[in-house]
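*Asks:* Just to be clear, the model below is a prediction. Sequence and coordinates:
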Amino acid sequence: MTGLPLLPDRTCGGCVECCRYIPLDLPELAKPTGELCAYCIDGAGCGVHAIRPQTCRTWFCVWRVVELSDDWRPDRSGVIVRPDGLQDGEITLYVIERTDFLESDDFFDTVVHWLDNDIRLALSIPGPVGTYPVRAVVTDYLKQAITAGDRDLFDRLVAYSLDSLANHAWQPDGVVARYAVGETPS
Ligand code: SF4
Ligand code: SF4
């Protein structure tokens, strides 16, 4: 949950990436990491919107609460900016797809802005469906490129960080899919 007010003029549009990449393990709805929720209409949104679980009503990515450009929308950028840690000065960029956006001026300028404001930055990637994502804090690692004013080095360090994370030994998240929203508990 973000605990922060949503931007009034912003909607998820066709993005459904949290319904795919954020695991749930609730009595009425469990889905492993990376499995698109069976209630989701891909590219459109929730098929059980009126009765969706409370967690789905309160979890939003940071793109819904902070003035990032439209290009940051997760299904376009390939990056879900996770809300956890935000209020403690930490941002996790959950890179669900490696797109050209990661080499854009928008991405670079935003990361520089965050680091200049003493925000700790982590990169994270999902593994195969049903495994925990991996994550590493990269604040100081990326700062060396920013301090040196070396944009090419910054791009290389981001890519190298993601390559390193991808070599991780993936651990099962243990979530067994269960779709029982709207069913009467027995
Ligand atoms: S990842 Fe963000 S923009 Fe995409 S559906 Fe979830 S809350 Fe909406
Ligand atoms: S119930 Fe709806 S909002 Fe919740 S994960 Fe499934 S599709 Fe997304």
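*Replies:* Looks like it arrived, so ask away. Keep in mind that what you see is a predicted model, and the values were worked out from it rather than measured. Ligands and ions are numbered 1, 2, ... in the order given.

*Asks:* ok, which stretches of the chain are helices?
*Replies:* Counting by DSSP state H, the chain has these helices, from start to end: 17-21, 54-58, 74-77, 105-116, 139-147, 151-166.

*Asks:* which residues of the chain fall in strands?
*Replies:* For the chain, strands defined by DSSP state E occupy the ranges 24-25, 29-31, 40-41, 45-46, 79-82, 90-95, 120-125, 134-137, 178-179.

*Asks:* got the contact list for the second one?
*Replies:* When contacts are defined by Cβ atoms under 8 Å, 6 or more residues apart in numbering, strand 29-31 is touched by residues 23-24, 37-39, 53, 56, 175-181. Bear in mind the C-beta positions are built from the backbone N, C-alpha and C, glycine included.

*Asks:* Likewise for the fifth one?
*Replies:* Contact partners of strand 79-82, identified using Cβ under 8 Å, 6+ apart, comprise 17-18, 21-22, 61-63, 66, 68, 72, 74, 91-96, 101-102, 107, 124.

*Asks:* Contacts only, for the closest residue to residue 180 other than its chain neighbours.
*Replies:* Nearest non-adjacent residue to residue 180, counting by Cβ to Cβ, 6 or more residues apart in numbering: residue 28, 4.9 Å away. Residues near residue 28 by Cβ under 8 Å, 6+ apart: 53, 178, 180, 181, 183.

*Asks:* of these, buried ones?
*Replies:* Buried by 16 or more other Cβ atoms under 10 Å: 53, 181, out of the contacts of residue 28.

*Asks:* between the contacts of residue 28, which is nearest ligand 1?
*Replies:* residue 53 (14.2 Å; Cβ to the nearest ligand atom).

*Asks:* ok, that closest one to residue 74 distance?
*Replies:* As judged by Cβ to Cβ, to the nearest Å, residue 53 and residue 74 stand 20 Å apart.

*Asks:* tell me which parts of this structure are close to ligand 2?
*Replies:* Proximity of the chain to ligand 2 (Cβ under 6 Å from any ligand atom) is limited to residues 19, 29, 37, 39, 40, 46, 48, 52, 56, 181.

*Asks:* what about the fourth one, how many neighbours?
*Replies:* So the one you mean is residue 39. Neighbours of residue 39 under the rule other Cβ atoms under 10 Å: 20.

*Asks:* before we move on, back to that, closest to residue 128 out of the helices of the chain?
*Replies:* helix 151-166 (11.0 Å; Cβ to Cβ).

*Asks:* Any buried residues in that closest one, and which?
*Replies:* Applying 16+ other Cβ under 10 Å to helix 151-166 flags 154, 155, 157, 158, 161, 162, 165 as buried.
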